[in-house]
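In: Structure, please.
(one chain, ligands or ions: 3)
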Amino acid sequence: MGILEKISEIEKEIARTQKNKVPPGPAESKTGQVSGPALEPSKSASSKGEGFDVMKSGDARVALIGFPSVGKSTFLSLMTSTASEAASYEFTTLTCIPGVIEYKGANIQLLDLPGIIEGAAQGRGRGRQVIAVARTADVVVMMLDATKGDVQRSLLEKELESVGIRLNKHKPNIYFKPKKGGGISFNSTVTLTQCSEKLVQLILHDGMEARGFLEPSALVELHKQIVTRSLWPVHFTSWPPLNDTCGHHASAQLALNLSYSEIFNAEVLFREDCSPDDFIDVIVGNRVYMPCLYVYNKIDQISMEEVDRLARKPNSVVISCGMKLNLDYLLEMLWEYLALTCIYTKKRGQRPDFTDAIILRKGASVEHVCHRIHRSLASQFKYALVWGTSTKYSPQRVGLAHTVEHEDVIQIVKK
Ligand SMILES: Nc1nc2c(ncn2[C@@H]2O[C@H](COP(=O)(O)OP(=O)(O)OP(=O)(O)O)[C@@H](O)[C@H]2O)c(=O)[nH]1
Ligand SMILES: [K+]
Ligand SMILES: [Mg+2]
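Out: Ligands and ions are numbered 1, 2, ... in the order given. You can find the predicted model right below:
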């Protein structure tokens, strides 16, 4: 097959599998002025912003995480006007290289990073710095080599998990409050299929409480979880050692000691059917819940069946940087995952200005809007009128603390 035929084949395949996967209701710009990405690689190599302490800039930050030589730098050079050196040898990139994607009027900071490998979280290579940068991102793009995607993906997921990064998960809806006394009060507003009051107590209490509740296989699993999440403030011992008990002594008496700080008094309310892992995340705290887009690059190297399989995976996009395939769709998905809030302003007696959106992160307030318009506006602020989904009535008078929502229209009234 010639190269052009191959490209058209892949394009057809992508059209079949991916185009209809776009989540409903994308945040279309009302102006219709969709500023496309700069697809031409830039010649001007920028040496600015090297090292890992890159200033946050623009409306959102996306970090490129992946094994060496999956095409992260090639991607940055394609999507932004920054050139990042790409080469066929591993660890070409040694620092954090920032670029900017201009899309729908937003400036999205894209960070090219060194490749990471298994053991990154323990400090292998520059893994620790890379993961620290990933923690600061609004969305992680996990770039994978389509020819070896699945293995790389699960290894990297484990690395990120181990430092408390939770991908494509929301914060578990569990109310948890340690108390001075009164024991453990446990309640749930939904039917629980993975946790029970007993298990919650077991997780909160110290060692001996656990005896008899857990099967050896469950203990082995628990132990694995604790070991893989090395940052847990959890101490775990068992006797006999778990390796010996695995499968052999099904009825062995196990002494389990699991402790964070041995919580005996707390209020626990499950508002969601969470797993024991989710609950432990809540106790430990300090977790980062982050959207992640899995991007399989180099699909020019794999069979059509494989393209099809990868394209159908959840949270996944297939691309080829080499052949510039499906990059527009990737941008659309990225925009969805960033879930930015676009606000339109309106002057008194005039129609809203839909040509110039103010782009903010989710959860932004009227005060954030003011700061975007003018530095001193918040100090002169009297009230604002808001039309849109964030208010009960349209318009509604609101104060600086009011949280705006996507596509709200706002009119600010000064003192
Ligand atoms: N066949 C093919 N090769 C690609 C594609 N994208 C990138 N490459 C090649 O893959 C190699 C590695 O690309 P880089 O952009 O340096 O990869 P990287 O992930 O930045 O690598 P490190 O910085 O070393 O971690 C280069 O030889 C690229 O030309 C693609 O879509 N198809
Ligand atoms: K490389
Ligand atoms: Mg690179």
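In: give me phi/psi at the closest residue to ligand 3 within the stretch 151-300 of the chain?
Out: The minimum distance from the stretch 151-300 of the chain to ligand 3, using C-beta to the ion, falls at Asn297 (11.9 Å). In this view, the C-beta of every residue, glycine as well, is placed from N, C-alpha and C. Main-chain torsions, Asn297, degrees, to the nearest 10: phi -100, psi 170.
In: in stretch 166-180, what counts as buried?
Out: 166-167, 172, 174, 176 (16 or more other C-beta atoms under 10 Å).
In: and if you look at stretch 72-89?
Out: Neighbour-count burial for stretch 72-89 [16+ other C-beta under 10 Å]: 72-84, 86.
In: One more: stretch 323-343?
Out: For stretch 323-343, by 16+ other C-beta under 10 Å, it's 323, 325-327, 329-338, 340-343.
In: And the residue of the stretch 251-400 of the chain found nearest ligand 3, how close does it get to Ser69?
Out: Using C-beta to the ion, the closest approach of the stretch 251-400 of the chain to ligand 3 is made by Cys321 at 11.5 Å. Taking C-beta to C-beta, to the nearest Å as the measure, Cys321 falls 12 Å from Ser69.
In: When the two are compared, which one has more neighbours?
Out: Cys321 (25 against 19; other C-beta atoms under 10 Å).
In: Same list, the buried residues of stretch 72-89, but as CSV with distance to ligand 1 please.
Out: Shown next, in CSV, are the buried residues of stretch 72-89 (distance: C-beta to the nearest ligand atom, whole Å):
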residue, distance to ligand 1
Lys72, 4
Ser73, 3
Thr74, 3
Phe75, 7
Leu76, 8
Ser77, 8
Leu78, 9
Met79, 12
Thr80, 13
Ser81, 16
Thr82, 13
Ala83, 11
Ser84, 7
Ala86, 3
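In: What about ligand 3: which of the residues you listed touch it?
Out: Taking C-beta under 5 Å from the ion as the test, ligand 3 is in contact with 72-73 out of the buried residues of stretch 72-89.
In: now for the buried residues of stretch 72-89, which pair is the farthest apart?
Out: Across the buried residues of stretch 72-89, the longest distance by C-beta to C-beta is 16.7 Å; it joins Lys72 and Ser81.
In: Look at the residue of the stretch 201-350 of the chain found nearest ligand 1 and tell me its secondary structure.
Out: Nearest residue of the stretch 201-350 of the chain to ligand 1 (C-beta to the nearest ligand atom) works out as Gly322 at 3.1 Å. Assigned by DSSP: H, G, I helix; E, B strand; the rest coil, the conformation of Gly322 is coil.
In: leaving aside the residues next to it on the chain, what's closest to it?
Out: Asp300 (5.6 Å; C-beta to C-beta, 6 or more residues apart in numbering).
In: Quick check: that neighbour vs Phe75, distance?
Out: Asp300 is 14 Å from Phe75, by C-beta to C-beta.
In: Next: Met290.
Out: 19 Å.
In: cool, and Glu405?
Out: 32 Å.
In: And for Cys274?
Out: Counting by C-beta to C-beta - Cys274 and Phe75 are separated by 35 Å.
In: Spell out which residues belonging to the stretch 51-200 of the chain are near ligand 2, please.
Out: 69, 92.
In: So which residues of the stretch 51-200 of the chain form strands?
Out: 60-66, 97-103, 106-112, 139-145, 165-167, 174-178, 184-188 (DSSP state E, counting those that start in this stretch).
In: Redo these as a markdown table? Include mean pLDDT and distance to Lys414.
Out: Shown next, in a markdown table, are the strands of the stretch 51-200 of the chain (pLDDT from 0 to 100; distance: least, C-beta to C-beta, whole Å):
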| stretch | mean pLDDT | distance to Lys414 |
| --- | --- | --- |
| strand 60-66 | 96 | 29 |
| strand 97-103 | 95 | 32 |
| strand 106-112 | 95 | 27 |
| strand 139-145 | 97 | 36 |
| strand 165-167 | 92 | 43 |
| strand 174-178 | 91 | 41 |
| strand 184-188 | 94 | 48 |
